Structures are given as C-alpha cells and as structure tokens.
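In: model this:
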Amino acid sequence: MATEAATAKSTPPPPPPPAATSKDQTINRLVDDISGLTLLQASDLVTLLKSRLNIQEIAMPSAAPAAAAPAAAADEPAEEKPKEKTVFNVKLESFEAAAKPKIIREVKALIPGLTLIDAKKFVEAVPKNLKESLPKEEAEKLQKAFQALGAVVTLE
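Out: Residues are numbered from 1 along each chain as shown. Predicted structure coming up:
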C-alpha cells in the first residue's frame with residue numbers, strides 16, 4: 001500500500017492543452033510578443049492602449065450569488081439595509097488657476113513613475129480619477145489634501 005501511494009504521488013501532471021492559434025499570422029505574432037512582456041511592460045501597454053483607443057475606466061459590478069438572494073428574500077421579508085460604501089474612487093473635478101502648480105506637484109508625488117510633464121497633462125485633462133479603490137479613510141484624507149490646495153475633488 002505504501003508503494004502504491006508513493007507511485008501515485010510521483011506521477012507527473014498531465015501536459016497543458018495545446019495553445020490556440022489564429023489563422024492570421026499578425027495575430028499570432030502579436031500574441032507571442034505580448035506573452036513575452038514583463039508585468040510592468042504589460043501594464044504600460046494597457047495604459048497606452050486605453051489612452052490611444054480612448055477607453056475610459058469603469059467599475060465592474062461584482063457578481064452576487066443569485067441562488068442565495070431569493071432564498072433569503074423568501075425567509076425574511078424585512079426591509080433591506082443599503083450597504084455602506086467602503087471603497088471609493090477619488091476624482092479631480094476642477095481647480096483654481098492659481099493652485100495649478102501645487103496640484104501638479106501633488107499629483108506627481110501621488111502617482112509613482114509620473115513625470116512632471118505627464119502630471120501637468122493629467123491635471124489639465126480634468127475630470128480624472130486620482131486614485132481608485134481606496135478605503136474610506138484614505139479617500140477622505142486625499143480629498144482634504146487636494147481641497148486644501150484649491151482643487152474640487154469628489155469621492156465616487
């Protein structure tokens with residue numbers, strides 16, 4: 001019995017299924033190139049594509065268990081309490097003209113890897129999300145910091 005268990009554990013896992021390929025050689029070349037990118041390069045690629053194709057960030061709704069909801073509703077007909085929002089996006093809506101240099105410096109410090117020119121372009125393209133998926137405390141702290149500089153910041 002011990003030898004059967006040892007041989008069962010030592011068998012190699014089955015090979016992965018063959019990779020899907022396209023009839024279009026350009027698509028195959030792009031897939032090969034993209035799969036060779038590092039995580040940082042892939043992130044830069046996504047950011048550049050979103051910018052060039054004018055794709056806006058949207059929050060995806062979370063999938064709730066569908067089967068549990070009707071059962072709970074049938075068992076308890078009491079009122080549902082609205083869930084308090086715990087994650088926020090901090091959005092820069094506008095700013096005072098005199099405060100623009102301070103806001104650019106703050107944005108540059110807030111977003112890692114952003115050059116001064118990129119921070120200026122970011123600020124000039126308001127309304128823009130400064131940070132996404134922040135806890136309530138951090139979002140409010142960031143909102144107060146930018147409001148102190150003369151910016152109009154909203155939490156979504």
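In: Spatially central residue (nearest the centroid) of this structure, please.
Out: residue 132 (6.8 Å; C-alpha atoms, centre = their mean).
In: where's that residue, which helix or strand?
Out: strand 128-135 (DSSP states H and E).
In: what packs against that strand?
Out: strand 87-95, helix 100-110, helix 136-149 (3 or more C-beta pairs under 8 Å, 6 or more residues apart in numbering; DSSP states H and E). Backbone N, C-alpha and C define where each C-beta goes, glycine included.
In: orientation of that strand relative to helix 100-110 in degrees?
Out: Strand 128-135 runs at 40 degrees relative to helix 100-110, counting by axes from the mean of the first three to the mean of the last three C-alpha atoms, to 10 degrees.
In: re the thing from before, wait, isn't the residue nearest to the centre of the chain in contact with residue 138?
Out: No - applying C-beta atoms under 8 Å, one finds residue 132 not in contact with residue 138, separated by 11.5 Å.
In: what's the closest of the helices and strands packed on strand 128-135 to residue 36?
Out: helix 100-110 (31.2 Å; C-beta to C-beta).
In: Might you report the residue contacts of residue 136?
Out: 85-88 (C-beta atoms under 8 Å, 6 or more residues apart in numbering).
In: Residue 147 now?
Out: residue 153.
In: pLDDT value on it, please?
Out: pLDDT for residue 147: 89.
In: measure it to residue 35 for me?
Out: 44 Å (C-beta to C-beta, to the nearest Å).
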